[in-house]
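> here is a sequence together with a model predicted from it:
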Amino acid sequence: MSQPWDYIAKIVSLGDSGCGKSSLTIRLCEGRFSPHHDVTIGVEFGSRIVPVGPPASHELGINNPSKSPSSPTATSPSKQQQKHMKLSLWDTAGQETYKSITRSYFRGASGALLVFDISRKNTFLSATSWLNDLRQIAEEGIVVVLVGNKSDLAASSTVSGSAQEEENKRQVTKEEAEDWCRANDVMQYVETSAKSGEGVERAFLEVAERIYQNIEAGKYDLNDRRSGVKGPGAGGNNAARVNLGMNDAAKGRKGQQGWGGCC
């Protein structure tokens, strides 16, 4: 029986505690929102299979800004087989207490979601430190997307039956976040709401699509687990290595929570 994916990629989420990293993973994998989630100790896991490359990328407008499926230079969606990538998601702890453990999970990751809470400016200010930690430990060229979570707290909304409006709790503007991305060579900023689901799939797809583009460009050794990507031949022990990662990460799982994935 053929496997339902063409590639596996290790993705880590990082950022301060309470930003909603675990909620984003649960929303992506299980399609639900958990308002009360225990603090992550070390790392939690999930997985999701997503489409990468055309025609899906063309329909979403990801990594194809100047071409459309009808363009003469674009490949016809009807003639191109859709590729799929299994995202092995590592949701890391944001508390300072676990930072020494958390850093070890950055090794062997091909992509990262750097998450902050748009209603707490200090979590945005911490993003630079998290990014520096990631780039010191992860492989060179790791794909990073900045994620501003809890966008549901940004817009005012009228309470039913009254003229009272909820307070806009936004403390970080889109412009600030986009400027930070340009200054720190982070390619994309996406706002999400784990509560409503808005932008969640988009954030993960932005990472997955850019990893796929790197695969197509030959930037990864698909036989080297340090690249964080496995190709069509991955299976058995190879697949396990992508999911469980490096030896130090595997040891760190002892006593921690297990899989929370859906796929």
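Looks like it arrived, so ask away.
> V145 belongs to a strand?
Yes. Under the criterion used here (DSSP: H, G, I helix; E, B strand; the rest coil), V145 sits inside a strand.
> state the distance from it to R135.
From V145 over to R135 the distance is 14 Å, taken as CB to CB, to the nearest Å. From N, CA and C alone the C-beta is placed, and that goes for glycine too.
> and for E176?
For E176, the distance to R135 (CB to CB) stands at 21 Å.
> would you list every one of the helices in the chain?
In the chain, the helices defined using DSSP state H lie at 21-30, 56-60, 99-104, 121-125, 127-137, 174-183, 200-216, 237-244, 247-252.
> to L89, which of those lies closest?
Of all the helices of the chain, it is helix 21-30 that lies closest to L89, at 5.4 Å by CB to CB.
> could I have the closest one exported to PDB, CA atoms only?
Output in PDB follows, covering the C-alpha atoms of helix 21-30 (Å, rounded to 0.1, in the frame of the first residue of the first chain):
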ATOM      1  CA  LYS A  21       1.600  27.300  20.600                       C
ATOM      2  CA  SER A  22      -0.100  24.200  21.800                       C
ATOM      3  CA  SER A  23      -3.600  25.600  20.900                       C
ATOM      4  CA  LEU A  24      -2.400  26.200  17.300                       C
ATOM      5  CA  THR A  25      -1.200  22.600  17.000                       C
ATOM      6  CA  ILE A  26      -4.400  21.200  18.500                       C
ATOM      7  CA  ARG A  27      -6.400  23.400  16.100                       C
ATOM      8  CA  LEU A  28      -4.500  22.200  13.100                       C
ATOM      9  CA  CYS A  29      -4.400  18.500  14.000                       C
ATOM     10  CA  GLU A  30      -7.800  18.100  15.700                       C
END
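> pLDDT averaged over that helix - what is it?
Averaged across helix 21-30, the pLDDT comes to 92.
> show me which residues of that helix are buried.
Neighbour-count burial for helix 21-30, counted by 16 or more other CB atoms under 10 Å, picks out 21-29.
> how far off helix 200-216 does that helix point, in degrees?
80 degrees (axes from the mean of the first three to the mean of the last three CA atoms, to 10 degrees).
> who are the packing partners of helix 21-30?
Secondary-structure packing of helix 21-30 (3 or more CB pairs under 8 Å, 6 or more residues apart in numbering; DSSP states H and E): strand 7-14, strand 43-52, strand 83-92, strand 111-117, strand 143-149, helix 200-216.
> a markdown table for these, including mean pLDDT and distance to A183?
Formatted as a markdown table, the helices and strands packed on helix 21-30 follow (pLDDT from 0 to 100; distance: least, CB to CB, whole Å):
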| stretch | mean pLDDT | distance to A183 |
| --- | --- | --- |
| strand 7-14 | 95 | 19 |
| strand 43-52 | 90 | 28 |
| strand 83-92 | 94 | 24 |
| strand 111-117 | 97 | 14 |
| strand 143-149 | 98 | 11 |
| helix 200-216 | 96 | 19 |
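> to Y189, which of those lies closest?
Closest approach to Y189 among the helices and strands packed on helix 21-30 (CB to CB): strand 143-149, 4.7 Å.
> ok, residues contacting that closest one?
With CB atoms under 8 Å, 6 or more residues apart in numbering as the contact definition, strand 143-149 has outside contacts at 15, 19-21, 23-24, 110-118, 124, 127, 131, 134, 172, 174, 177, 180-181, 186-194, 203, 206-207, 210-211, 214.
> one more time with 7 Å
Residues outside strand 143-149 that contact it (CB atoms under 7 Å, 6 or more residues apart in numbering): 19-20, 24, 110-118, 127, 131, 172, 177, 180-181, 186, 188-192, 194, 203, 206-207, 210-211.
> got the CA positions of that strand in CSV?
Output in CSV follows, covering the C-alpha atoms of strand 143-149 (Å, rounded to 0.1, in the frame of the first residue of the first chain):
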residue,chain,number,x,y,z
VAL,A,143,12.5,28.2,7.2
VAL,A,144,11.0,30.5,9.8
VAL,A,145,7.5,32.2,9.8
LEU,A,146,6.6,34.7,12.5
VAL,A,147,3.1,34.1,13.9
GLY,A,148,1.0,36.7,15.7
ASN,A,149,-1.6,34.6,17.6
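> all set now, cheers.
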